[in-house]
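[1] just a sequence and a predicted model for now, questions to come.
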Amino acid sequence: MKCDKTDPLLYLSARVGVLSAALPSWEELMRRPEREEAAPERQDALPLREDAQTGALLESLARGAGRPIVDLFRFPFDCHNAKVLRKGALTGQGAAARELLSPCGSVPEETMREALREESGAKALPAWLRLGIAEARHAWTESRSPQLLDAALDRALYRGMSESALYSGSAAAQEYVRVRIDGVNLQTMLRMQEHAPEAVEELLLEGGTVCVARLLEARAGGALAAVFTAAPLRAAAEQHSVLQAGEAAAAALAQFARRCSAYAFGPEALLAFLLRLELRRRGVRMSAALRKVLPAEEVKKRLEVYDG
């Protein structure tokens, strides 16, 4: 790919190139015991376990032209924090909920708390999150269902991600969001196989490569696998396996990351690094849990899908 010296992402591309080179290989991660999942000399640059360091890294990468793309990886943490604080307030366990918050989002903790306490405080939030919190309040008032509260915030999250990807002007960023939505929708469809179509529809997300109406039509006709173009998602749909669907969603993202890794500059390079970092962080955490109950080789095999 030819380097355009006027590209506003040029410096950022060079920086993530250095960071990408420092990412430990998947084989290396899987060979290390839990306490050595990131090499000591690399921990400062690539925090695979420390959320505070990851949050600082994302914040530094979000300065300037890269922000709309970096926000694709920060917004999910904002959504998580909103869910944690809202449920903590509803159950009277706000103090305990604080331990579950992540510093990796785009909204500081106190700003989020104020927005959830007072509607006037929501003005400081991104538009998607402000709307999502309002919709979550309404969902809770109408149903008293934590699941529907979460669903309202999830819908807002993916609307926000779609808007940020569109604002970035990057076709790759827009494709990333669609691939991610497809994975979430597949997991929802398989998790709720025994539920009525109306209940399933409430939890499905628009914005993927397959619209919600088509998904429901395929579900009714027993042809869910046929609507997915990504091979891992299609295979999971054929097996009707919820567990396999989660692994397939990760595999589809890993495939996308490998395609983006072919680019040395531009939004694809930034996407590739951020997605590989996210997948490795997920894999490291899952590895630590699985090693307690499974042999090392089986853990390695189970987590191969996270190798982006």
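    It's in. Residues are numbered from 1 along each chain as shown.

[2] quick one: the strands in this protein?
    According to DSSP state E, the chain carries no segments that qualify as strands.

[3] measure how buried Arg74 is and give me the count.
    Taking other CB atoms under 10 Å as the criterion, the count of residues near Arg74 is 23. Every C-beta, even on glycine, is put in place using the N, C-alpha and C of the backbone.

[4] how far away is the closest residue in space to Pro68 that isn't next to it in sequence from Glu247?
    Nearest non-adjacent residue to Pro68, counting by CB to CB, 6 or more residues apart in numbering: Ser168, 3.7 Å away. Per CB to CB, to the nearest Å, Ser168 is found 28 Å from Glu247.

[5] so for those two, which residue has more residues nearby?
    For Ser168 and Glu247, the more surrounded residue by other CB under 10 Å is Ser168, and the numbers stand at 23 against 18.

[6] quick one: contacts for the more buried one?
    By CB atoms under 8 Å, 6 or more residues apart in numbering, the contact set of Ser168 is Pro68, Ile69, Pro267.

[7] repeat for Pro68
    By CB under 8 Å, 6+ apart, the contact list for Pro68 reads Ser164, Ala165, Tyr167, Ser168, Ala173.

[8] gap between the fourth one and Glu175?
    To tie it back to what came earlier, the one meant is Ser168. Taking CB to CB as the criterion, Ser168 is separated from Glu175 by 12 Å.

[9] same check on the first one?
    In this view, Ser164 and Glu175 are 14 Å apart by CB to CB.

[10] who's more crowded, those two?
    The residue with more neighbours, out of Ser164 and Glu175 and counting by other CB under 10 Å, is Ser164; that gives 23 against 16.

[11] just confirm the more buried one contacts Phe73, I think it does.
    No. Contact between Ser164 and Phe73 fails when scored by CB atoms under 8 Å: they sit 10.2 Å apart.

[12] can you give me the offset of stretch 250-268 from its chain's centre?
    A distance of 15 Å separates the C-alpha centroid of stretch 250-268 from that of its chain, computed with CA atoms, centre = their mean, to the nearest Å.

[13] stretch 150-157 too?
    When C-alpha coordinates are averaged (CA atoms, centre = their mean), stretch 150-157 and its chain have centres 13 Å apart.

[14] which pair in the contacts of Pro68 spans the largest distance?
    Set against one another by CB to CB, the contacts of Pro68 have their most distant pair in Tyr167 and Ala173, with a gap of 9.0 Å.

[15] who has more neighbours, those two?
    Just comparing Tyr167 and Ala173: by other CB under 10 Å the higher neighbour count belongs to Ala173, 24 against 13.

[16] ok, now which ones touch that one?
    By CB under 8 Å, 6+ apart, Ala173 lies in contact with Pro68, Ile69, Leu72, Ser164, Ala165, Pro267, Leu271.

[17] can I get those in JSON lines including pLDDT?
    Shown next, in JSON lines, are these (pLDDT from 0 to 100):
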{"residue": "Pro68", "pLDDT": "97"}
{"residue": "Ile69", "pLDDT": "97"}
{"residue": "Leu72", "pLDDT": "98"}
{"residue": "Ser164", "pLDDT": "98"}
{"residue": "Ala165", "pLDDT": "98"}
{"residue": "Pro267", "pLDDT": "95"}
{"residue": "Leu271", "pLDDT": "96"}
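
[18] wait, which of those residues is closest to Ala251?
    Distances from Ala251 to those, taken as CB to CB, are shortest for Leu271 (16.8 Å).

[19] which one is the closest one nearest to, not counting chain neighbours?
    That would be Cys260: by CB to CB, 6+ apart, it lies 4.9 Å from Leu271.
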